[in-house]
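Participant: Structure for the following, please:
(chains A and B)
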Amino acid sequence: MTLVPSIAEEQASTPLSSAKSITLRIARFNPEHDGERKFMEFTIPYEKWTTVLEAILEVKKHFDHSVAVRYSCRQATCGSCGMMINGKPRLACFTKISELDSDVITVEPMNNFPIIRDLAVKFERLFDTHHKIKPYLIRDDSEITSNEKEFLQTPEEVEQYIQFSNCIKCGLCNSACPTMATDSSFVGPQALAQAYRYVADSRDKGKDTRLKIIDDSHGIWRCHFAGSCSQVCPKGVDPAMGIQFLRGYLLGFRS
Amino acid sequence: MRESIIMKIHYGTALAAVALVAVHVLMRLTQSFAESLEYANVIANYQFLPYAGMLEIILILLSIHGFNGLRVILLELKQGKTYEKAVSYGCLAAMIGLIAYGSRTIIMVNMGMI
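Facilitator: As a prediction, this is how the structure comes out:
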């Protein structure tokens, strides 16, 4: 009991102060003892540059330290702080309050992910499907054993896959995907985009293996091309396009 | 069967059905709508072998496409090994049943049994 106020006191030294403020609604839910999701409201001052993550951390510092949120880098690199912000999957560290153009900001855990607590969700399914598509170069030789020192690529060959290598595994695309919401076995846009990333890499020799993995009754064919995965990606990856290109391989339009 | 082969069949049957249904609709336009539904005209259509053959092909194409579409919808609704097997084989059986029943009608009318 003594530990809780001391943490709050320690971190209460730098409160945000601003003439402007918003109402931050945070979804609270603990699957271990809560029957349904509840919302807690906090009035938070903000500046033009304040992000949603900073507002949540402000709540943790000054109002309720028990709010569960996952975060790390605060610069849209680690992919930890994905959540539903005003109904849309976004990275909390990459979303400024001022750009939301709303006096009320509602933050909820990402859709299509099991909730650990409050805003923190389980990533097991995402990591499992990502691992399933073999997200690495498959070759019999290596740069060490080959006569050549490195596997050279032309700029055009790099262009084929480079945007897909920007994926930070934040899960926003899977959260936005309508098929993920109904099909618990669907491989998901994140894994499919990564499958394309390696299939399109001229250094990779595992195309047939990967295409076989995604050519499943819950694989690539269950994508309805809603395109919401591409809309929400904070790194500019276009999983929907990658999925269509992969379909091209399976339908024989690409080789 | 690999899902990509099933989906190739799915897309192929859709394209072929669009073409043949267009021919079917255009042939209806040779008469007025009410006239095309008169008993004698309907029987005559079935007894005209090329047209009956086209109807049979449309029946097969739409049955394959439709029941595979239904299978896909049902697979997305719920998951589970037993359920998925039941859906796949159920849709296949229903497809065969519909084609058999429709073919029976076309063949019987074509042969003058009705």
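Participant: going forward, measure contacts between C-alpha atoms and count neighbours the same way
Facilitator: OK.
Participant: Centroid-nearest residue for chain A?
Facilitator: The centroid of chain A falls nearest to residue A:170 when counting by CA atoms, centre = their mean (2.0 Å).
Participant: I'd like to know how far that one sits from chain B.
Facilitator: Noted for residue A:170: a distance of 24 Å to chain B, by CA to the nearest CA, to the nearest Å.
Participant: How about that residue: what's its closest non-neighbour residue?
Facilitator: residue A:79 (4.0 Å; CA to CA, 6 or more residues apart in numbering or on different chains).
Participant: Surely the one you found is in contact with residue A:168?
Facilitator: Yes. Assessed by CA atoms under 8 Å, residue A:79 is found in contact with residue A:168 at 5.4 Å.
Participant: These two: which is more packed in?
Facilitator: residue A:79 (23 against 18; other CA atoms under 10 Å in any protein chain shown).
Participant: Contacts only, for that one.
Facilitator: A:91, A:168, A:169, A:170, A:171 (CA atoms under 8 Å, 6 or more residues apart in numbering or on different chains).
Participant: mind listing which of those are in strands?
Facilitator: residue A:91 (DSSP state E).
Participant: of the contacts of residue A:79, closest to chain B?
Facilitator: Nearest to chain B among the contacts of residue A:79: residue A:171, at 20.3 Å, using CA to the nearest CA.
Participant: Buried residues, the helix or strand where residue B:90 lies. List them.
Facilitator: Assessed by DSSP states H and E, residue B:90 sits inside helix B:81-110. Within helix B:81-110, the residues scored as buried using 16 or more other CA atoms under 10 Å in any protein chain shown are B:84, B:87-88, B:91-92, B:95-96, B:98-99, B:102-103, B:105-107, B:109-110.
Participant: What lies in contact with stretch B:17-31?
Facilitator: Contacts to stretch B:17-31, defined as CA under 8 Å, 6+ apart, come from residues B:36, B:54, B:58, B:61, B:62.
Participant: Mind telling me what element the third one is part of?
Facilitator: It stands for residue B:58. Going by DSSP H and E, residue B:58 is part of helix B:49-77.
Participant: the inter-axis angle of that helix versus helix B:81-110?
Facilitator: 170 degrees (axes from the mean of the first three to the mean of the last three CA atoms, to 10 degrees).
Participant: near chain A at all, helix B:49-77?
Facilitator: Yes. Using CA under 8 Å from any CA of the partner chain, helix B:49-77 reaches chain A at B:72, B:75, B:76, B:77.
Participant: What residues does the second one make contact with?
Facilitator: Residues touching residue B:75, when contacts are defined by CA under 8 Å, 6+ apart, comprise A:183, B:84, B:87.
Participant: For the helix holding residue B:58, the averaged confidence score.
Facilitator: Helix B:49-77 carries an average pLDDT of 96.
Participant: and if you look at stretch B:107-114?
Facilitator: 86.
Participant: same question, stretch A:72-88
Facilitator: Mean predicted confidence for stretch A:72-88 is 96.
Participant: Can you give me the buried ones in it?
Facilitator: Neighbour-count burial for stretch A:72-88, counted by 16+ other CA under 10 Å, picks out A:74, A:76, A:77, A:79, A:80, A:81, A:82, A:83, A:84, A:85, A:88.
Participant: Can you give me the first-to-last residue distance of it?
Facilitator: 21 Å (CA to CA, to the nearest Å).
Participant: how close does the residue nearest to residue B:76 when sequence neighbours are not counted get to residue B:29?
Facilitator: Closest residue in space to residue B:76, ignoring its immediate chain neighbours: residue A:183 at 4.9 Å, by CA to CA, 6+ apart. Using CA to CA, one gets 44 Å for the distance from residue A:183 to residue B:29.
Participant: And for residue B:93?
Facilitator: Residue B:93 is 35 Å from residue B:29, by CA to CA.
Participant: Out of the residues of helix B:49-77 next to chain A, which comes closest to chain A?
Facilitator: Among the residues of helix B:49-77 next to chain A, residue B:76 lies closest to chain A (CA to the nearest CA), at 4.9 Å.
Participant: isn't the closest one right next to residue A:179, touching?
Facilitator: Yes. Counting by CA under 8 Å, residue B:76 does reach residue A:179; the two are 7.5 Å apart.
Participant: count of neighbours near the residue in the stretch 101-250 of chain A that chain B sits nearest to?
Facilitator: Among the residues of the stretch 101-250 of chain A, residue A:183 lies nearest to chain B; the distance is 4.9 Å by CA to the nearest CA. Residues near residue A:183, counting by other CA under 10 Å, number 19.
Participant: Repeat that for residue B:6.
Facilitator: Residue B:6: 16 surrounding residues under other CA under 10 Å.
Participant: That one sits in which helix or strand?
Facilitator: Residue B:6 belongs to helix B:3-28, assigned by DSSP H and E.
Participant: next helix or strand past that helix?
Facilitator: Immediately after helix B:3-28, counting by DSSP H and E, sits helix B:33-36.
Participant: and for that next one, what are the contacting residues?
Facilitator: B:28, B:41, B:42.
Participant: Check residue A:6 and give its pLDDT.
Facilitator: 52.
Participant: Same check on residue A:154?
Facilitator: You'll see residue A:154 listed with a pLDDT of 95.
Participant: Could you do residue A:141 as well?
Facilitator: pLDDT, read off for residue A:141, is 77.
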